[in-house]
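# Provided below are the primary sequence and the corresponding predicted coordinates.
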Number of protein chains: 2
Amino acid sequence: MGAHWSEPVARLLRVGEDFDLPRVDRSATPGWDHGKKKAEKFMAKRGKELSELQERLYADGRSGGNRSVLLVLQGLDTAGKGGIVRHVLGMVDPQGVALASFGVPTAEEAAHDHLWRIRRELPPPGRIGVFDRSHYEQVLVVRVNGLEPPEVNDSRYAELVDFDLELAATGTTVIKVALMVSYDEQFERLAERLDRPDKYWKYSPGDIDTRLDWDDFQAAYAEMLTRTSVPQAPWYVVPADHKWYARLAVTELVIEALRSLDLGWPPADFDVETEKRRLAATH
Amino acid sequence: MGAHWSEPVARLLRVGEDFDLPRVDRSATPGWDHGKKKAEKFMAKRGKELSELQERLYADGRSGGNRSVLLVLQGLDTAGKGGIVRHVLGMVDPQGVALASFGVPTAEEAAHDHLWRIRRELPPPGRIGVFDRSHYEQVLVVRVNGLEPPEVNDSRYAELVDFDLELAATGTTVIKVALMVSYDEQFERLAERLDRPDKYWKYSPGDIDTRLDWDDFQAAYAEMLTRTSVPQAPWYVVPADHKWYARLAVTELVIEALRSLDLGWPPADFDVETEKRRLAATH
C-alpha cells in the first residue's frame, strides 16, 4: 500500500464558514504524516492517475463534451505558483493544459472591464485551465493599493462569485487555490533569489514593496477567502512553506475534481466494423 | 558514461542536397545502436538537460531577449506528433512551451491568407513554440487534394521558405521535423485505435481516406523536403516506426538548437546590494 493521505485533503483545506486565516500554520502538512521523501514517491504515482484522468477529459472535449477544469492559483511572490504549474501540471500532457498568467494589465486590457482579459483565457472544453494570478487580484493588489474607490472595490466580491458560478453552470469545475507562505519563508526565498545569479531574473524590486504591505495583503486574502468561497467554486488554502506538500495537495485537488466528473471514454462516432473493413482493405 | 549517440543526430537526419525520401528506412534508428531500454534511460537524462536549457531561454525572454525556438512537426496520421509533444515537451516547464495545432481552417481562417493563423501562433520571446501541423500543410494536404490551382500551389514553396527565413532573421530558431512512419506501421496504429474503445476518440474515418492517397502524400513530402530545407531552417526526417527513437531524436534536435543559442543567465537589472539591504530591513 505505502503512505497515503490520512484524510481527504479537499475537506481539510476547503474554506468553510468557520475559516480563520491567522490560524493557518503555513508550515503544516494537513492530512500528510509521512514527510517529504514518501511524498515525492507518492507524487509520481498520483501523476499517473492525474495523467489518465486528464486524457479522459481531453477525449471528452474532442468528442463534443463541454466539461473543463479551471485551477486558479493565488499567492504572494515566492508562494510557489510557478512551481505548481511546473511540477503538477508538468505531469500531464501539455496538449491538455491551457495556461494563462495575469500581470499588471496592459493598456488594452485596462481599457476594458477587468473580466475581459479573463474571459479570453478560459479553458476550452476538454482542457485543464490554469490561472497564475486571476480575476481575484481585483480584491487583492487592486484593493491593497487603493486602485479603485472602496465602494466599487467592495462590490467586486459578489461580482467575482457570480462569475465563478457562471463558469460552474456552464461545465467548468473551478478549483481556487491560495498558496500561503509565512513571512519568514518568504524572506528565505527572496534572499535566495538575491544570492544566486541564476535566480536574479526571478527577482523584482517590487517584491519588497509588496512585502512591506504584508499585513494589508493578509487582511485582503482573509476577506477574499471568506467572502468568495462557495460550494460550487470553493477556495482551498494550501500551506506552502513546504513546496513538496503544496504540490502534493494541489495534485490531489485536481485529481478529485477530475474524478468527480466521472468521465468514461467517448463512444465511437463512426461504425467500428465498417472502419475495420475499410482499413483491412488497405493492407 | 552509459549509452550515447554514435554520431550527431542533427547531421544524420538533416535534409541536404542528396536527400532521397524513398531510401529512408522508417524503422531505422540512425545514430543510436543501443536499443529501446537504454534509450528510455538516456531520455530521462536528456530531459534534465533540455529543461535547464529551456529555463535559460525563458529567463532570456523575460529579460528582454528576442530569441525563441519553433519546432514544426509534420507527419501523416499516427506518425506520433502528439507523442512528441507529450513525451518531449512534457519534460520541460509547461510555462516555457507555446503549443498550436492546425487543422482544417475555420471559416475565419479561410477568409485570410494562409499564413495569417500561423503568425498568430508564433512563439513569443523566451518560448519553445511547437506546431502540430503547420504552414507546410499548404504543400501537403492542399496540394494532394488539389485545393488550389497547381501554379499557385507551386509558388508556395518559395513563400514558405521566405517565411521561415523571416523568422530566423528575427530571433527564432526554426527546427522542422518530418516524422515518417511506414505504410505497415500506420496500419498497425490505426488497427489499434479501432480495437481499443479507449482509443476510438483518436480515430477518424478521414484517416483511411488519407491512407488511400499514401503515394501522393509521399511524393508531396519528398518535394516539400527537398525544396524547403535551407540551412537557416532545415528539415530533419525522423524515422518514426519506433516511437522511442523519434522522441529521443527530437529531444536531441531541440537540445542542440537551444545549446547553439549559448544562453547565460541574464544579469540583474537592479542593484543587488541595495536590494539585499532592503530585504534585510524587513527581517
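Arrived safely.
# mind listing the helices for the stretch 101-250 of chain A?
In the stretch 101-250 of chain A, the helices defined using DSSP state H, counting those that start in this stretch lie at A:107-110, A:116-120, A:141-144, A:150-169, A:183-195, A:206-212, A:214-228, A:243-260.
# Deepest in the core, which of these is it.
Of all the helices of the stretch 101-250 of chain A, helix A:243-260 has the most neighbours on average by mean count of other CB atoms under 10 Å in any protein chain shown, namely a mean of 21. (Glycine included, C-beta is placed from N, CA and C.)
# Can that one be said to contact chain B?
No - figure legend: helix A:243-260 not in contact with chain B (CB under 8 Å from any CB of the partner chain); closest approach 13.5 Å.
# Output the contacting helices and strands for that helix.
On a contact count with 3 or more CB pairs under 8 Å, 6 or more residues apart in numbering or on different chains; DSSP states H and E, helix A:243-260 meets helix A:9-13, helix A:35-62, strand A:68-75, helix A:81-87, strand A:172-180, strand A:235-239.
# Buried by neighbour count: which residues of the helix or strand just after that helix qualify?
Later in the chain than helix A:243-260, the nearest helix or strand by DSSP states H and E is helix A:272-280. Along helix A:272-280, these residues count as buried under the neighbour rule (16 or more other CB atoms under 10 Å in any protein chain shown): A:Glu275, A:Arg278, A:Leu279.
# ok, now stretch A:14-30?
Under the neighbour-count criterion of 16+ other CB under 10 Å, stretch A:14-30 has A:Arg14, A:Val15, A:Leu21, A:Val24, A:Arg26, A:Thr29, A:Pro30 buried.
# what comes into contact with it?
With contacts defined as CB atoms under 8 Å, 6 or more residues apart in numbering or on different chains, stretch A:14-30 is touched by A:7, A:9, A:12-13, A:180-182, A:185, A:218, A:221-222, A:225-226, A:229, A:234-237, A:239-242, A:245, A:249.
# can you tell me if stretch A:163-182 touches chain B.
No - on the criterion CB under 8 Å from any CB, stretch A:163-182 is out of touch with chain B, staying 13.0 Å away.
# Quick one: distance of that stretch to the chain centre.
8 Å (CA atoms, centre = their mean, to the nearest Å).
# so how far does that stretch reach from one end to the other?
The straight-line separation of the ends of stretch A:163-182 (CA to CA, to the nearest Å) is 30 Å.
# give me the low-pLDDT residue ranges for chain A?
A:1 (pLDDT under 70).
# if we go to 90?
A:1-3, A:283 (pLDDT under 90).
# ok, now which ones touch the closest residue to A:Val174 other than its chain neighbours?
Nearest non-adjacent residue to A:Val174, counting by CB to CB, 6 or more residues apart in numbering or on different chains: A:Ala233, 3.9 Å away. Counting by CB under 8 Å, 6+ apart, A:Ala233 touches A:Val161, A:Asp164, A:Leu165, A:Leu167, A:Ala168, A:Val174, A:Lys176.
# now the residues you listed in a markdown table, with distance to A:Ile84?
Output for the contacts of A:Ala233, formatted as a markdown table (distance: CB to CB, whole Å):
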| residue | distance to A:Ile84 |
| --- | --- |
| A:Val161 | 23 |
| A:Asp164 | 19 |
| A:Leu165 | 24 |
| A:Leu167 | 20 |
| A:Ala168 | 22 |
| A:Val174 | 16 |
| A:Lys176 | 13 |
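# closest to B:Val88 among those?
A:Val174 (31.3 Å; CB to CB).
# And the closest one, how close does it get to A:Ala240?
The spacing between A:Val174 and A:Ala240, counted by CB to CB, to the nearest Å, is 20 Å.
# can you check A:Ala222 too?
Relative to A:Ala240, A:Ala222 is positioned 16 Å away (CB to CB).
# Output the set of residues of the stretch 51-200 of chain A in proximity to chain B.
Close to chain B, as judged by CB under 8 Å from any CB, the stretch 51-200 of chain A has residues A:59, A:62-63, A:82, A:85-86, A:89-90, A:92-95, A:97, A:99, A:101, A:132, A:187, A:190-191, A:194, A:197-198, A:200.
# For PyMOL, write the select line for the buried members of these.
In PyMOL, a selection of the buried entries from these looks like this (16+ other CB under 10 Å):
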select buried, chain A and resi 59+63+82+85+86+89+90+92+93+94+95+97+99+132+187+190+194+200
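# my read: A:Trp265 touches A:Arg56, true?
Yes - using CB atoms under 8 Å, A:Trp265 is in contact with A:Arg56, at 6.7 Å.
# ok, these two, which is more surrounded?
Shown here are A:Trp265 and A:Arg56; by other CB atoms under 10 Å in any protein chain shown, A:Arg56 has more neighbours (23 against 16).
# For A:Leu261, which residues are in contact?
When contacts are counted by CB under 8 Å, 6+ apart, A:Leu261 is found next to A:Leu57, A:Asp60, A:Arg67, A:Thr173.
# Contacts only, for the closest residue to the second one other than its chain neighbours.
Of all residues not flanking A:Asp60 in the chain, A:Leu263 sits nearest, at 5.3 Å (CB to CB, 6+ apart). Taking CB under 8 Å, 6+ apart as the definition of contact, the neighbours of A:Leu263 are A:Leu53, A:Arg56, A:Leu57, A:Ala59, A:Asp60, A:Gly65, A:Arg67.
# and if you look at A:Ala39?
A:Ala39 is in contact with A:Ala3, A:Trp32, A:Trp244, A:Tyr245, A:Leu248, counting by CB under 8 Å, 6+ apart.
# now it: how far from A:Glu223?
32 Å.
# tell me the contacts of A:Gln186?
Each residue near A:Gln186 by CB under 8 Å, 6+ apart is listed here: A:Leu76, A:Asp77, A:Thr78, A:Ala79, A:Arg211.
# before we move on, the earlier item: A:Val174 and A:Ala240: who's more crowded?
Each of A:Val174 and A:Ala240 has its neighbours counted (other CB under 10 Å); A:Ala240 has more, 29 against 21.
# Pop out the phi and psi values for the more buried one.
In terms of degrees, to the nearest 10, the main-chain angles of A:Ala240 are phi -120, psi 10.
# Make sure it is actually in contact with A:Thr78.
No - under the criterion of CB under 8 Å, A:Ala240 is not in contact with A:Thr78, lying 9.1 Å apart.
# what residues do those two have in common as contacts?
What both A:Ala240 and A:Thr78 touch, as defined by CB under 8 Å, 6+ apart, is the set A:Val181, A:Glu185.
# what distance separates stretch A:61-69 from the middle of the whole chain?
Taking the mean of its C-alpha atoms, stretch A:61-69 sits 19 Å from the chain's own mean (CA atoms, centre = their mean).
# Okay, buried residues for that stretch please.
Of all the residues in stretch A:61-69, those buried under the rule 16+ other CB under 10 Å are A:Gly61, A:Ser63, A:Gly65, A:Arg67, A:Ser68, A:Val69.
# isn't the fifth one right up against A:Thr173?
What that stands for is A:Ser68. Yes - at 7.4 Å, A:Ser68 and A:Thr173 qualify as touching, with contact defined as CB under 8 Å.
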